[in-house]
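Student: Predicted model and sequence follow; I will ask about them next.
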4 protein chains.
Amino acid sequence: MSGNTFGKLFTVTTFGESHGPALGAIVDGCPPGLSLTEEDLQGDLDRRKPGQSRYTTQRREADQVKILSGVFEGVTTGTSIGLLIENTDQRSKDYSNIKDTFRPSHADYTYTHKYGVRDYRGGGRSSARETAMRVAAGSIARKYLATKGILIQGYLSQLGAIKIDSVDLAEINNNPFFCPDVAKVPEMEAYMQALSKEGNSVGAEITVVATGLIPGLGEPVFDRLDAELAHALMSINAVKGVEIGDGFSVVSQKGTEHRDEMTPEGFLSNHAGGILGGISTGQDIVARIALKPTSSLRLPGRSIDKNGNAIEVVTTGRHDPCVGIRATPIAEAMMAIVLMDHLLRHRGQNTDVQVSTPVLKG
Amino acid sequence: MSGNTFGKLFTVTTFGESHGPALGAIVDGCPPGLSLTEEDLQGDLDRRKPGQSRYTTQRREADQVKILSGVFEGVTTGTSIGLLIENTDQRSKDYSNIKDTFRPSHADYTYTHKYGVRDYRGGGRSSARETAMRVAAGSIARKYLATKGILIQGYLSQLGAIKIDSVDLAEINNNPFFCPDVAKVPEMEAYMQALSKEGNSVGAEITVVATGLIPGLGEPVFDRLDAELAHALMSINAVKGVEIGDGFSVVSQKGTEHRDEMTPEGFLSNHAGGILGGISTGQDIVARIALKPTSSLRLPGRSIDKNGNAIEVVTTGRHDPCVGIRATPIAEAMMAIVLMDHLLRHRGQNTDVQVSTPVLKG
Amino acid sequence: MSGNTFGKLFTVTTFGESHGPALGAIVDGCPPGLSLTEEDLQGDLDRRKPGQSRYTTQRREADQVKILSGVFEGVTTGTSIGLLIENTDQRSKDYSNIKDTFRPSHADYTYTHKYGVRDYRGGGRSSARETAMRVAAGSIARKYLATKGILIQGYLSQLGAIKIDSVDLAEINNNPFFCPDVAKVPEMEAYMQALSKEGNSVGAEITVVATGLIPGLGEPVFDRLDAELAHALMSINAVKGVEIGDGFSVVSQKGTEHRDEMTPEGFLSNHAGGILGGISTGQDIVARIALKPTSSLRLPGRSIDKNGNAIEVVTTGRHDPCVGIRATPIAEAMMAIVLMDHLLRHRGQNTDVQVSTPVLKG
Amino acid sequence: MSGNTFGKLFTVTTFGESHGPALGAIVDGCPPGLSLTEEDLQGDLDRRKPGQSRYTTQRREADQVKILSGVFEGVTTGTSIGLLIENTDQRSKDYSNIKDTFRPSHADYTYTHKYGVRDYRGGGRSSARETAMRVAAGSIARKYLATKGILIQGYLSQLGAIKIDSVDLAEINNNPFFCPDVAKVPEMEAYMQALSKEGNSVGAEITVVATGLIPGLGEPVFDRLDAELAHALMSINAVKGVEIGDGFSVVSQKGTEHRDEMTPEGFLSNHAGGILGGISTGQDIVARIALKPTSSLRLPGRSIDKNGNAIEVVTTGRHDPCVGIRATPIAEAMMAIVLMDHLLRHRGQNTDVQVSTPVLKG
C-alpha cells in the first residue's frame, strides 16, 4: 500500500495540500446499509475547525464536506465513498517568503530532500490541513461503530506542565481545550495568554478512550491492535509518543502491580489499557499521545535556505500556539478507523467461532 | 496484508508457536547480490537467546537458523528467503495445568475469545518465541543497511526505577543487561536478585538508535517513518509505549526549546529524533520503548478458568523476570526491517530526484 | 488492499457512481518532477467520451477532469494526486423503472445479493462510467512512462466476426472503431448499422501493445507482470478473457514452434508477448482482451424483479451497442498503470543490480 | 504486498527453488476450528507429483508436506500455518552446463536481467517446483470451502489440437491426463508417444469449475472476482491466456445470444461463467487457461550465453513434454485460494446484510 492509504478492509485514502483547491478522501469497505449524511461528518469537522477558540489559528475556513459517492437514498451502498472539502481560505501571500527557506522543525527540509520539489505554501501536503479528511473519514467509522455500541471519546490530559486531576466527560465540550477537568481551565487560559504574548508555543498530551468493545479485535503478530493504534496515532502531525494503558509507567511497575487480575465479576484493573497479546479484552481501550509544540513562531529561529546559506526565520502568518488543542478529534478519528478495520477483519476470519467462556466486565 | 506479514516492498511473514515443531519466516524483497550466510543471522539470535545470563529464562534452546531459499553461492538472488528454526526444548509438561485456565495479563483470555481454540502450551502463538524469527529476518535487513552505512544499536535505558546516566556503546555487550552505563550494573544486578527472590518482575525501557541515515525515508501521510516505527516496535510482545526523539517530554517543552535549528554546519540539536514530517532528516533516529513486567509469576494471582469460575494461578515453569533484558535485539531487528522497507520504497519512487540543497550534518 | 485500490507503489483508488454527483480518483506514488496538466489527462478522456461516433452511446458528458492536488507549478510533487470529474448529464428519469428489477447479464442481481442495497440508476458503481477515472489516472502513468521511452497503443482487432488483417497504427484514430485496418472499416460500419436497426449488440476484441520496455519488470511468483496485466485488464467491465502473446493459440503449438529463439542480433520471434517467467524481456508486450456484447437492449429479455417474480426487461435509455469500441483507451490506461507500478517496484528492489549480459533487440 | 504473497485476508506466501533444500509456504487467515491434517494436503500433492504417468517428468520426488504451525490437536488455531516440503531429488549435475547459457522461452534471460544473479539449477525460483506449495496451501482453502458446500474440479479440455467432446467427472482420475472424455484418451496417448519420440512438446487447455457458490463474492472495482481469478491463474507457470465463462467466444456473440436470462426457476444459461459485474451469481464459476508447450527440448534451439554469444541449447535432463497434464491441481488450488480470500472479505464487510431477493438456481 502507499503512504496515503490506511487500513486493510476498511481503508482511507486521502489527498490535498494546505493551499491546493481541495482536500479529499476515498473511504472503502464501509458496510452497506448505514444511514449517513453530510451532517454526520460536519459535526466532528466543526469541533476541529480553527476559529473555535481565541487560542487556535485565526484561519477562517468553511470546511464544508460533501459526499460524492457511496451513499444512496441516505444509506451507504457498500461501494467507495468519495469525500471532498474545498479550500476557501488560503491567504497565499503569507507564505511567499518561505519559498526558498526551511522553517526549523517543519517538514520543509525533509520534503525537499525526498521529492526535490515541494509545495511551500503553508507546508503543502505536510500541513495539518490534511487531517480534516481523516476526521471526516473517521466520522463514518464512528457512526458504524456506534451502531455496535462502541464509542470513542478524547480529551486533553496535559497542557504544557499542567496535568488534569479528574475526568468529567460532560466538561469536555464546555471549554476551548477539550479539558475534562473544569478546575484546571483558568490556569490553562492564563498560561495560553502568557504564551501568546511571549510568541511561543507548548506541547500537549491527549488521551483517547474507546468503550463498548468486544474481545477479539486485533491480528497478531504484526497487526496487533495496539501496534495499529500506535501507527495510526503516530501518523498525526506533531505526535512524538504513543502509550497504551499505563504506557511508560509500566517500566517501574512490578509484575504484581501491573497485572490485571480476573474474577467472575470482571477484571480488577485495566493497566493493560484494554489490549492483551495485541487483542482487545473487551475493557476500555485507553491510548495517550504526546504532541510537540508548534514550530511556527514569531520568535526568530536559525535555519538555512535551499542553497545551504544561514538565515533567520520568523513566521508571521497564522499559526497554532498549541497544536494539541486541535488534535482531539483527529485522534478520535484515527482510533475509530483502526477499530473499524479490525472489526471487519475479525468477523471476516472468525464469524464461525463459538466461545463458551464468558466475557468479563471491564 | 494479514497480521503475520509486515512491510510493503521488503516484507517479513512469520509462523510458529512456542511449542510447535518449528518457527519460520519468509523474507521477500531483499535486493539481490547481498552476501548472506547462516552465521550472519546466528549472531543476533545468540544475543537474544535465553541462558545468556542468569537473569533470563532458563530455557535451553539451540535456536539454530537455516536458510532454505533465496541465497545461491553465498549471495541473495532477489527471490524470497525462507528461514527455519526448529524448536528443540519445549518441556510440554510445564504447561498442562494451564489448559483450561487463563493467566492474568497474558493473551490466553483474548486468544480464546478471538479464535475459540488456542494452543495453550507456553502461550502458543502469543509467546515471545516468535520474535526469534523477527530477529533472524531483521539480520538480513541489517546486513543490507550496513552496506549503505546505516547501523542500528539498542540498549537498556531504564530497568525498573534505575535510569542510566551515560551511554558508552562499548559497554553494551559487556554485561547481561545490554546496559551502556557500566556504573549502574551492580545496582541492576542487586535489584534483579531481590526480584528473583521475591518471585516478582519489573519493566524496562529500551532505546534504539539508527545512524548513517540519508534524508528522505518515510511515506507521508500514513506510512510516515515514525508511524511505521511505532507500529513495528509496539508489535513486540510486552511493549506499552513508543517514543520518537524527546517523546513524552515534548508535552512540557516550549517551541523555542524543542525546535532543532539548522546552520550550514549542521543541525544544532535533535529533539525530533531524526524524523520531521514523517520523513528522516539524516540525523540519528532515536526511538524508545516501554516494556511491561512479565506476568508469569510464582506469586499467585486471581483469575478465571475457561468456564468463568474463580481460580488462582501460579506459574512454576520457566519465565522471564524481566522481559526487557531480551527485547534489545528484537527492537533493533524491527527498526532494521522498517528502514529497509522504506529505503526500497523511497528509491522506487524517487530515484530520479535531484536535490541541490546540501545534506546537513546531524 | 480494498476493491477500489489497484497497485503497490503506484496506486490508483477510485470512487463514483453513474448518476452520483462526481467521479474521482486518488493517484499515489507518482514520482515528483513530472510535468503534468489537466490537458494531459483530457486527451485520453476525450478519446473515450461517448458521442464521438454515431455508434456509441448518445450520452453527452463533458468529462472535464480537474487536478486537485499533487501538482505544483506544473510539476508533480510526489504526494497524492486527487482527480475529479463532475457528472453533468445523467437523465435519471430513464432508469426509474429499473428500481425493482434486474437487467439480465448486468450486475443488478449480484450487487443486490452482495450489499442488500444498490444505486440502481444507470448501474450505479457497476456502470462503465467509473472507467473514466481509470483513463485519467492511466494518463499520468502514460506520461511518466513516455519519459522513459515506454509507449502504449491499443486497437480493435476484431468486431463480432470481422477480424483485421493488417495493422497500420496511423489509421487507428481515423475511424470511430480504433481500427488499424482501413480496409475493414466499411464492413464494420455496415455491420453496426444492421445491429442498431435490429436493436442488438455484439462483442469485440481489443489488442494492446507496449513498446520501449526494459527487461526485468514483474515480481514473481504471484505478481508476475502477466498476472498483474491479466488482473488489470479483466477488471474492465465486460471483459471475459485475457491473452498474453499468442494466448490460446499456444494450446496447439509445438514447443519448436512456440519458443522464441535468441541470437546476438535479437529475438527471432515474440510468441511470448514480451513476458517470460512473469518478467518482461524487453520485447513488445502484447495483450488481448475479449469484451462481451452489451446487455442493455431494446429487445426484450426475461428476468425477475427483486421479489423473484417473472418479468420482461427492455432498456429504452441510452446504451452502447458495442462496448468494445470504447474499451481501447481503458485497456491502454490499465496497462500503463501496471507497467508504472512495476517500474517503480523493480527499481526499488533492484537499483543496485549490474548486468553484463546485453539486452536483446525485440 | 510483495511478489511472493497472494491474497488480502486469506494469504499465501511461498519460498523455494527447484534445487534448494526445501520449499515452504505460510498460509495466514485460515479461520480457526477447521480440522486439518497432513494427509488432507498430501492427497492433492500426490495428484500433482511427477512419475504418476509415463508422460510426465521422470523426476522422483517424495513431496511429503509437513505442517509446522497453526494446527493444534487436529484443528486450525487461526494463527499462521507453516508448511514445508523438503527437496529430496534434485540431480544437480543435469544442469551444470546451463550455468552460463539461457534456454529459449525460459526465464533464465529475464531473471538475469532483473536480479543480476540467478540460481541456474533447474530454473531456480522460476521452476514449476514452487507450485507444489500452492497446491498444499490450496488444499487448506479447499477443505474450508468444502465445509461451506463449495467444491472445485479441474480437467483437461484440450491437448494440442485434440478437444474433448463431453465431460464425465468420474473419468478424470482414471487416466493420466485428467481427461473427462474417456473416448479421447487413446488418441491423446498416441499423440503423446509421437511427441516423445520426436523430442517435442505441445500445449494444453485446462478448465476449472467451482460449484456450490453463494452470490456476492468479489470486490469491485479492481478486486472483482474474475480479475482476481485471472491474476491467480495467469500466475501459474506457462499460462498465456485466461477465460471466464464463454471467454473469447463472446467476441462474436450477439447480446441476445450471450445474456443469461433469469426466471423464478433459475438462470436459463451461464455464458457469464458465474460472475457478473465482478461478483459471483451463485452459478458455477467456469474458468479456462491456456498453457504453452514446454521449452525444455531435446531438439536444439538457438540462444545466447550470458556474454551475448550465439550458442545452441539442448536440454537432456528430465522435462515435461506437456506441462498441461500437471497444471490441473495447481489451477484448482489457485481458484480455491481466491474463493477463500473473497469469502472472508465478503463476510467481513457484509455480514449484516439482509437480502429478501431469492437466490436463483444455476
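Tutor: Looks like it arrived, so ask away.

Student: so where do the helices sit in chain A?
Tutor: For chain A, the helices defined by DSSP state H occupy A:38-48, A:108-115, A:131-147, A:185-198, A:225-234, A:255-258, A:324-350.

Student: what comes up buried for the third one?
Tutor: Spelled out, that is helix A:131-147. Using 16 or more other Cβ atoms under 10 Å in any protein chain shown as the test for burial, helix A:131-147 gives A:131-145. Just so you know, the C-beta spots here come from the backbone N, C-alpha and C atoms, and that holds for glycine as well.

Student: which of those residues lies closest to chain D?
Tutor: A:Y144 (9.6 Å; Cβ to the nearest Cβ).

Student: if I read this right, the closest one contacts A:I337, doesn't it?
Tutor: No: at 10.8 Å, A:Y144 and A:I337 do not qualify as touching, with contact defined as Cβ atoms under 8 Å.

Student: Please look at A:T211 and A:K148 and confirm they touch.
Tutor: No: A:T211 is beyond contact range of A:K148, at 11.6 Å (criterion: Cβ under 8 Å).

Student: Look up phi and psi at the nearest residue to A:S280 once chain neighbours are set aside.
Tutor: Take A:S280 and drop its neighbours on the chain: the residue closest to it by Cβ to Cβ, 6 or more residues apart in numbering or on different chains is A:L217, 4.2 Å away. The phi/psi pair for A:L217 (degrees, to the nearest 10) reads phi -90, psi 140.

Student: separation between A:L217 and D:R288?
Tutor: Separation of A:L217 from D:R288 (Cβ to Cβ, to the nearest Å): 41 Å.

Student: repeat for A:D40
Tutor: 47 Å.

Student: can you tell if stretch A:355-362 touches chain D?
Tutor: No: Stretch A:355-362 stays clear of chain D (Cβ under 8 Å from any Cβ of the partner chain), getting no nearer than 10.5 Å.

Student: and that stretch, which residues are buried?
Tutor: Here stretch A:355-362 shows A:V355, A:T357, A:V359, A:L360, A:G362 as buried, counting by 16+ other Cβ under 10 Å.

Student: Now do the contacts for the second one.
Tutor: Taking Cβ atoms under 8 Å, 6 or more residues apart in numbering or on different chains, we find A:T357 in contact with B:Y109, B:T112, B:H113, B:K306, B:N307, B:G308.

Student: Surely A:M188 touches A:C179?
Tutor: Yes: applying Cβ under 8 Å, one finds A:M188 in contact with A:C179, separated by 6.4 Å.

Student: From the chain's centroid, how far away is stretch A:214-223?
Tutor: 21 Å (Cα atoms, centre = their mean, to the nearest Å).

Student: for stretch A:114-131, same thing?
Tutor: On Cα atoms, centre = their mean, the centre of stretch A:114-131 falls 18 Å from that of its chain.

Student: cool, and stretch A:17-35?
Tutor: With Cα atoms, centre = their mean, you get 16 Å for stretch A:17-35.

Student: and it, does that touch chain B?
Tutor: No: Stretch A:17-35 stays clear of chain B (Cβ under 8 Å from any Cβ), getting no nearer than 10.7 Å.

Student: Any buried residues in that stretch, and which?
Tutor: Those would be A:17-34, for stretch A:17-35 by 16+ other Cβ under 10 Å.

Student: shared neighbours of A:M188 and A:C179, which are they?
Tutor: Here A:M188 and A:C179 have A:L159 as joint contacts, going by Cβ under 8 Å, 6+ apart.

Student: CA atoms only: put stretch A:27-43 into PDB for me.
Tutor: Extracted in PDB, the C-alpha atoms of stretch A:27-43 (Å, rounded to 0.1, in the frame of the first residue of the first chain):
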ATOM      1  CA  VAL A  27     -13.300   5.600   2.200                       C
ATOM      2  CA  ASP A  28     -13.600   2.000   1.100                       C
ATOM      3  CA  GLY A  29     -15.100  -1.000   2.800                       C
ATOM      4  CA  CYS A  30     -17.900   0.600   4.800                       C
ATOM      5  CA  PRO A  31     -20.600  -2.000   5.200                       C
ATOM      6  CA  PRO A  32     -23.800  -1.200   3.300                       C
ATOM      7  CA  GLY A  33     -27.000  -0.100   4.900                       C
ATOM      8  CA  LEU A  34     -25.500   2.500   7.300                       C
ATOM      9  CA  SER A  35     -27.500   5.700   7.300                       C
ATOM     10  CA  LEU A  36     -25.100   8.500   6.500                       C
ATOM     11  CA  THR A  37     -25.500  12.200   5.800                       C
ATOM     12  CA  GLU A  38     -23.100  15.200   5.400                       C
ATOM     13  CA  GLU A  39     -24.300  16.500   8.700                       C
ATOM     14  CA  ASP A  40     -23.000  13.300  10.400                       C
ATOM     15  CA  LEU A  41     -19.500  14.300   9.200                       C
ATOM     16  CA  GLN A  42     -19.800  18.000   9.600                       C
ATOM     17  CA  GLY A  43     -20.200  17.700  13.400                       C
END
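
Student: So which of A:M188 and A:C179 has more stuff around it?
Tutor: Set A:M188 next to A:C179 and count neighbours by other Cβ atoms under 10 Å in any protein chain shown: A:C179 wins out with 25 against 22.

Student: if I look at the more buried one, how far off is chain D?
Tutor: 37 Å (Cβ to the nearest Cβ, to the nearest Å).

Student: Looks like A:D284 contacts A:T207 (just checking).
Tutor: No: in this structure A:D284 lies outside contact range of A:T207 using Cβ under 8 Å: 11.0 Å.

Student: what does chain A have sitting close to chain D?
Tutor: A:8-9, A:29-33, A:78-80, A:220-221, A:344-345, A:347-353.

Student: Can I get the buried part of the residues you listed as one ChimeraX selection?
Tutor: Written as a ChimeraX command, the selection of buried residues from those, which uses 16+ other Cβ under 10 Å, is:
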select /A:8,9,29,30,31,32,33,78,79,80,220,221,344,345,347,348,349,350,353
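
Student: contacts with chain C among the residues of chain A next to chain D, please.
Tutor: Counting by Cβ under 8 Å from any Cβ, A:K8, A:L9, A:G29, A:P32, A:G33, A:G78, A:T79, A:S80 from these sit close to chain C.

Student: Now do A:V182, the pLDDT please.
Tutor: Turning to A:V182, the model gives it a pLDDT of 96.

Student: Could you tell me how far it is located from chain C?
Tutor: The gap separating A:V182 from chain C is 41 Å, by Cβ to the nearest Cβ.

Student: distance of that residue from A:K163?
Tutor: A:V182 is 15 Å from A:K163, by Cβ to Cβ.

Student: Check A:E171 too.
Tutor: According to Cβ to Cβ, A:E171 and A:K163 sit 16 Å apart.

Student: Ok, A:R302 next?
Tutor: Here A:R302 is placed at a distance of 32 Å from A:K163 (Cβ to Cβ).

Student: and the closest residue to chain D within the stretch 101-250 of chain A, what is it in contact with?
Tutor: In the stretch 101-250 of chain A, the residue that lies nearest chain D is A:P220 (7.2 Å; Cβ to the nearest Cβ). Shown in contact with A:P220 (Cβ under 8 Å, 6+ apart): A:G277, A:G278, A:I279, B:G3, B:N4, B:A107, B:R125, B:S126, D:T79.
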